[in-house]
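>>> mind looking at a prediction? Sequence and model below.
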Amino acid sequence: MKIIAFILLMISGIFNSQEVKHYGFESLPEKLEKRILIYMKTDWCSICKIQKYQMEKDLELKNLMDEKVYFITFNPEKYKESIKFFDENYNYISNGNSGIHELAVEISLNKNPVYPSWILIDKDGKVLFRNEGLVDNGILKLLMGKLN
């Protein structure tokens, strides 16, 4: 009986640890069938770590995100490759020891990136939703639920 309980616990843990499917800008399909949800974060941001922890423990949110959006996690301070996004090219801007990606500046409110930031973009490149700071999982679920 203990072995069966252990196996069920292990299976449950595997399913609960399911990762949201992440896309990169380069791996987005040419013909978009869903909207794009960009989660902008940095390694040093403590609020970003809280956001990640909240998301990781919510299987319902993970499933909704997999179903409804192309999810991109974007660290504009580390991503140094050029990005072609909706027929525009964006590059990393170095200022010596650090820098930032032009795309982060472009999609940020007031052209000044705040971390974490959430940006929902439709199939035509129009920003539908933007939030700077921690977002409650309930709000994300509500947002995902309203998407066709």
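Yep, it's here.
>>> from now on I want contacts and neighbour counts done on CA atoms only, so please keep to that.
Fine.
>>> list the buried ones in stretch 48-59?
Buried residues in stretch 48-59, counting neighbours by 16 or more other CA atoms under 10 Å, are found at Cys48, Lys49, Gln51, Met55, Glu56, Asp58, Leu59.
>>> what do you get for stretch 127-134?
Using 16+ other CA under 10 Å as the test for burial, stretch 127-134 gives Arg130, Asn131, Gly133, Leu134.
>>> roughly how far apart are Leu120 and Val135?
13 Å (CA to CA, to the nearest Å).
>>> look at those two and report which has more neighbours.
Set Leu120 next to Val135 and count neighbours by other CA atoms under 10 Å: Leu120 wins out with 21 against 16.
>>> may I have the beta-bridge partners of the more buried one?
Leu120 has the following beta-bridge partners by DSSP bridges: Leu37, Phe129.
>>> just the pLDDT at Glu33, thanks.
Per-residue pLDDT puts Glu33 at 93.
>>> among the buried residues of stretch 127-134, which one lies nearest to Leu28?
Relative to Leu28, the closest of those is Arg130; by CA to CA it sits at 20.1 Å.
>>> what sits against the closest one?
Leu109, Ser117, Trp118, Ile119, Leu120 (CA atoms under 8 Å, 6 or more residues apart in numbering).
>>> thinking again about what came up before, how about the buried residues of stretch 48-59 in CSV, adding secondary structure, pLDDT and distance to Leu103?
Below are the buried residues of stretch 48-59 laid out as CSV (DSSP: H, G, I helix; E, B strand; the rest coil; pLDDT from 0 to 100; distance: CA to CA, whole Å):
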residue, secondary structure, pLDDT, distance to Leu103
Cys48, helix, 96, 19
Lys49, helix, 95, 22
Gln51, helix, 95, 22
Met55, helix, 91, 24
Glu56, helix, 90, 26
Asp58, coil, 94, 29
Leu59, helix, 93, 30
